[in-house]
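>>> The following block contains a protein sequence and its predicted model.
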Amino acid sequence: GSVSDDPPRSTGDGNEGDLKTCLNPNDDGTCLNPEEASSQANLSSNDGSSMTNMCLDDRDDCEEKAARGECKTKPVYMLAHCKLSCNACPANLKFFDNEYGEPQEISGDNAADIEKLVQEADVYMTTKIRTKTMYHSVKDKCFNRDKLCSKWATEGECQKNHLWMQVNCAPACQTCEKLDHRIRCPVNERAPKAFEAGDIDEMFENIMTHPHYKQYKPVALSQPAEAQTGLVPIFKDPSEEGKNFPWVVALENFLTEEECDRLIYLGGIVGYKQSYEAEGVNFDGTYKAKASDSRNSFNAWCWEKQCYEDKITQQILAKIGNVTNVPEKNSEFFQILRYEEGGLYKLHSDYIPTDLHRAQGVRALTMLIYLNDAEYNSGGETYFPVMDLTIRPKKGAAILFPNVHSSNPDSQDRRTAHAAFTVKNGVKYAANLWIHQRDFKTPFFDRCN
Ligand SMILES: O=C(O)CCC(=O)C(=O)O
Ligand SMILES: [Fe+2]
């Protein structure tokens with residue numbers, strides 16, 4: 001087919017838009033938002049208004065009426081509703097209408113193949129998907145979401161571009177079961193986790209005591225009462241006895257000026273967009289991005305090649321890996337944050353409960369790096385209410401904290417809930433890196449997140 005007729009690609013080549021907002025990118029890299037995608041899918045054959053130019057039958061009795069000669073005797077009605085049966089389609093262009101998504105265009109040199117495929121898909125849909133109980137979870141969301149699905153399928157796109165096709169052209173590819181996230185993205189419960197019980201506390205103690213990490217100037221902002229670091233416990237007031245807090249460690253000298261500037265710059269190349277939050281799921285089980293009133297900021301996801309494969313990005317990721325000892329593949333991509341005046345992020349936890357049942361596991365750790373200095377009275381501090389910690393942004397400094405309990409690294413530790421105070425003047429830049437219990441990158445590139 002011509003270039004413009006090719007289906008959207010999913011090549012992991014960095015053209016797929018925003019991690020959280022672009023779940024169904026078009027071939028030019030722009031996003032088809034989830035609402036649009038689902039309303040497209042809801043366009044059923046009964047919605048004649050949107051299909052007046054399509055060459056199809058939109059009444060059940062067309063064939064019958066055509067056989068009675070009504071194409072000639074009642075041409076006004078018949079040409080409005082029964083173009084296909086009346087053979088009144090422009091040469092080489094007709095549409096097959098059905099109940100599972102967009103009417104399918106039958107055109108071009110391989111029109112006969114497309115027609116055959118459409119008929120096979122019809123059999124598949126009626127004898128399997130719509131009738132067998134094992135397809136119950138997907139039977140109401142398996143649609144051809146583009147009029148060219150069947151044409152693409154005959155051109156081998158179900159194989160060549162399977163990540164996109166298997167969910168967006170599932171009837172044509174006969175892959176309806178893939179609409180079920182549990183089937184498309186199975187979780188390997190035996191895949192090793194980054195942290196078992198106790199490992200997180202051990203990691204922090206190691207950061208605080210091992211001479212290698214001195215260069216980053218680690219400072220314990222909070223630590224468990226029983227920490228074995230030999231450091232002076234930070235909660236000495238007897239009234240604090242019995243209170244126990246998780247580790248929060250600042251690395252006051254973590255990134256160089258050059259590294260900070262580079263991340264800010266790369267964020268600009270990717271493009272800072274209004275921040276969203278993951279809420280609910282799309283038809284294919286991927287997380288849905290939602291505008292949020294608890295958050296007023298911009299962010300750029302560093303997963304386009306130009307950002308992710310940048311030498312300095314990789315250097316920073318290696319540095320973080322050196323501190324956490326967690327494989328790089330377990331981390332998300334940098335989320336580079338930009339807060340303008342009035343920007344803030346209300347109290348929240350970085351833990352996403354539903355991640356527990358996904359391949360990547362939960363966000364065990366957050367590394368938050370400040371990329372520029374807060375000027376006097378400029379606001380923008382990070383605040384942990386439970387530990388009463390207020391952290392003023394300082395260029396190149398980072399804080400590392402767990403979102404889970406060290407004793408049970410899958411369970412949420414709400415004590416590290418935090419907020420970003422309002423930026424009062426100037427701009428605040430920071431970067432998040434969330435580190436998961438298991439491989440994040442493979443399911444990400446498989447369009448499972
Ligand atoms: O900007 C900050 O200080 C905190 C940002 C944050 O908590 C987040 O993005 O999850
Ligand atoms: Fe956060």
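Perfect, thanks for sending it. Ligands and ions are numbered 1, 2, ... in the order given.
>>> how's this structure carved up into domains?
3-55+90-184, 199-445 (automatic domain parsing).
>>> Redo the ones you listed as JSON lines? Include mean pLDDT.
Formatted as JSON lines, the domains of the chain follow (pLDDT from 0 to 100):
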{"stretch": "domain 3-55+90-184", "mean pLDDT": "75"}
{"stretch": "domain 199-445", "mean pLDDT": "92"}
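>>> out of those, nearest to residue 64?
domain 3-55+90-184 (16.2 Å; CB to CB). In short, each C-beta sits where N, CA and C put it, glycine included.
>>> Enumerate every residue touching the residue of the stretch 51-200 of the chain found nearest ligand 1.
Across the stretch 51-200 of the chain, the shortest distance to ligand 1 (CB to the nearest ligand atom) belongs to residue 200, at 18.5 Å. Counting by CB atoms under 8 Å, 6 or more residues apart in numbering, residue 200 touches 247, 364, 365, 402, 404, 406, 409.
>>> With residue 290 instead?
276, 277, 278, 279, 280.
>>> List buried residues within those.
By neighbour count, with 16 or more other CB atoms under 10 Å, the contacts of residue 290 hold 276, 277, 278 as buried.
>>> so what's the last one closest to, chain neighbours aside?
Pointing back at residue 278 there. What sits nearest to residue 278 in space, not counting adjacent residues and going by CB to CB, 6 or more residues apart in numbering, is residue 287, at 4.1 Å.
>>> Distance-wise, check the one you found relative to residue 177.
Shown here: residue 287 relative to residue 177, a distance of 21 Å by CB to CB, to the nearest Å.
>>> Neighbour count: those two, which is higher?
Shown here are residue 287 and residue 177; by other CB atoms under 10 Å, residue 287 has more neighbours (22 against 18).
>>> partner residues bridging that one?
residue 281 (DSSP bridges).
>>> what about residue 400, which helix or strand?
Element membership for residue 400 (DSSP states H and E) is strand 398-402.
>>> where's that strand relative to the chain centroid, distance-wise?
23 Å (CA atoms, centre = their mean, to the nearest Å).
>>> Of the buried ones among the contacts of residue 290, just say which sits nearest to ligand 1.
Closest to ligand 1, out of all of those and judged by CB to the nearest ligand atom, is residue 277, at 9.6 Å.
>>> that older thread, mind giving me the packing neighbours of the strand holding residue 400?
Where contact means 3 or more CB pairs under 8 Å, 6 or more residues apart in numbering; DSSP states H and E, strand 398-402 is packed against helix 199-209, strand 248-251, strand 363-370.
>>> what does the shortest one rub up against?
Yep, that's strand 248-251 we're talking about. 204, 207-208, 213, 216-223, 323, 384, 387, 389, 391, 397-401, 416.
>>> Now with 6 Å, please.
204, 207, 216, 218, 219, 220, 221, 222, 398, 399, 400, 401 (CB atoms under 6 Å, 6 or more residues apart in numbering).
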